[in-house]
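Peer 1: need a 3D model of the following:
(one chain, ligands or ions: 2)
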Amino acid sequence: MKAAMAPAIENFHKGVNQGVAPVTYGHGERPPRGDYAQARADYTCEQDWSAYTAQEHDLYRRLYERQAAQLPGLACEEFIAAVGELGAPAQIPRFDALSEKLQRATGWEVVAVPGLIPEEAFFALLAQRRFPVTGWIRKPEEFDYVVEPDVFHDLFGHVPLLFNPMFADYMQAYGAGGLKASRLEACEYLARLYWYTVEFGLIATPAGLRAYGAGILSSAGELRHSVLSPDPQRIGFDLERIMRTRYKIDSYQSTYFVIDSFEQLFKATAPDFTPIYRRVAHAGELGAEQRLDSDRAY
Ligand code: PHE
Ligand code: FE
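Peer 2: Ligands and ions are numbered 1, 2, ... in the order given. Next comes the predicted model:
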């Protein structure tokens, strides 16, 4: 899950559902999928598990199996250790059963949402250790690529690492930091941090680079690309560098940032961002493909 990134439209006040669908990426020929009328004020809704068809369960299983087969050597150990918590892939998991396990492990739960939600609503849920998961699954013809996050991306990509205590704490801190960034009008900088860590982060391990970002781990092609391709640049984690760097939403990333550990990530993001946002605004933006002499390349 990822909050809708475009600026909020007027009725879309403070992340409270007032019956208007959130804006999504780009300019909409496509209305967002999902029934926002059924959502509560905090954008959560019922999963309606019994509404999934046999074909949808089967699509989930095929997505899961394709992805699980390529995890060894490409996904980080923490992810591989926890992915089994999603349960047998024969059916789309029931969120309530998954939440029970997650609650016991790290105090997190998963909650259903109709799709992309506004930033403030997204941050508020994370700050409460509630991870919003899209209820619907992509169409069969979207097997290889889906533009908006669906239940497969949200569950398979994001939920395993919520079983890791350090990463779980990072996600909550991010949510709280998001609420603060909204007040400081710094959401764009914080969104870049999310993008280059939670969605597309790499981690250096003794065995080599591995993926921990959900956007990579749930992608059929980008998992290999991010870890093995000679094309993208891979740069050591640098908070201000990340906050300055634009990102691509419609192709593989041309830049990935590499952390040494979740502890490094948690500690580097612990300081008050208020002065950092000011510095970043002053330093200016960098293109997604830009290189700097100060980059610590892998
Ligand atoms: N330390 C950040 C702040 O003061 C909050 C934060 C923590 C943001 C972790 C992102 C990730 O705003
Ligand atoms: Fe996501």
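
Peer 1: rest of the way, CA atoms for contacts and neighbours
Peer 2: Fine.

Peer 1: what residues are up against the residue found closest to Gln172 once you drop the neighbours it is linked to in the chain?
Peer 2: In space, Gln172 comes closest to Ala127 once its chain neighbours are excluded; the distance is 4.7 Å by Cα to Cα, 6 or more residues apart in numbering. By Cα atoms under 8 Å, 6 or more residues apart in numbering, the contact list for Ala127 reads Met171, Gln172, Ala173, Tyr174, Gly175, Ala176.

Peer 1: could you rerun that using 10 Å?
Peer 2: For Ala127, the contacting residues are Ala121, Asp169, Met171, Gln172, Ala173, Tyr174, Gly175, Ala176, Gly177, Gly178, Leu179, by Cα atoms under 10 Å, 6 or more residues apart in numbering.

Peer 1: point out the ones among those that are inside strands.
Peer 2: With strands taken from DSSP state E, there is no overlap with those.

Peer 1: if you rank the residues you listed by neighbours, which is first?
Peer 2: Neighbour counts for the contacts of Ala127 were taken using other Cα atoms under 10 Å; the highest belongs to Gly178, with 27 neighbours.

Peer 1: do you know how far it is from ligand 2?
Peer 2: Going from Gly178 to ligand 2 by Cα to the ion, to the nearest Å gives 16 Å.

Peer 1: so for that residue, what's the pLDDT?
Peer 2: Per-residue pLDDT puts Gly178 at 97.

Peer 1: three-state assignment of Leu265?
Peer 2: Assigned by DSSP: H, G, I helix; E, B strand; the rest coil, the conformation of Leu265 is helix.

Peer 1: tell me the spatial nearest neighbour of it, not counting adjacent residues.
Peer 2: That would be Ile259: by Cα to Cα, 6+ apart, it lies 6.7 Å from Leu265.

Peer 1: beta partners for the one you found?
Peer 2: Ile203 (DSSP bridges).

Peer 1: and it, what does it touch?
Peer 2: 197, 201-205, 209-210, 212, 235-238, 265.

Peer 1: and which of the residues you listed is nearest to Tyr64?
Peer 2: Tyr212 (16.4 Å; Cα to Cα).

Peer 1: what about that closest one, how many residues nearby?
Peer 2: Around Tyr212 there are 30 residues (other Cα under 10 Å).

Peer 1: phi, psi for it please.
Peer 2: Backbone torsions of Tyr212, given as degrees, to the nearest 10, read phi -130, psi -10.

Peer 1: thinking it is in contact with Val159, fair?
Peer 2: No - Tyr212 is beyond contact range of Val159, at 11.3 Å (criterion: Cα atoms under 10 Å).

Peer 1: could you measure from the residue nearest to Leu265 over to Arg291?
Peer 2: 18 Å (Cα to Cα, to the nearest Å).

Peer 1: just to revisit the earlier point, the residue nearest to Gln172 and Asn17, how far apart?
Peer 2: Taken as Cα to Cα, the span from Ala127 to Asn17 is 18 Å.

Peer 1: now do the helices in the chain.
Peer 2: 54-69, 77-82, 95-106, 119-127, 151-152, 165-184, 187-194, 214-217, 222-228, 239-244, 262-268, 274-283 (DSSP state H).

Peer 1: ranking these by burial, who's on top?
Peer 2: The highest average neighbour count among those, using mean count of other Cα atoms under 10 Å, belongs to helix 214-217 at a mean of 27.

Peer 1: is ligand 2 within reach of that one?
Peer 2: No - with Cα under 5 Å from the ion as the criterion, ligand 2 is not reached by helix 214-217; the gap is at least 5.8 Å.

Peer 1: can you name every helix or strand that that helix contacts?
Peer 2: Using 3 or more Cα pairs under 10 Å, 6 or more residues apart in numbering; DSSP states H and E, the elements in contact with helix 214-217 are helix 222-228.

Peer 1: centre of the chain to the helix it packs on, how far?
Peer 2: 17 Å (Cα atoms, centre = their mean, to the nearest Å).

Peer 1: one more: stretch 141-149?
Peer 2: For stretch 141-149 - counting by Cα atoms, centre = their mean - the centre lies 15 Å from the chain centre.

Peer 1: nothing else from me, thank you.
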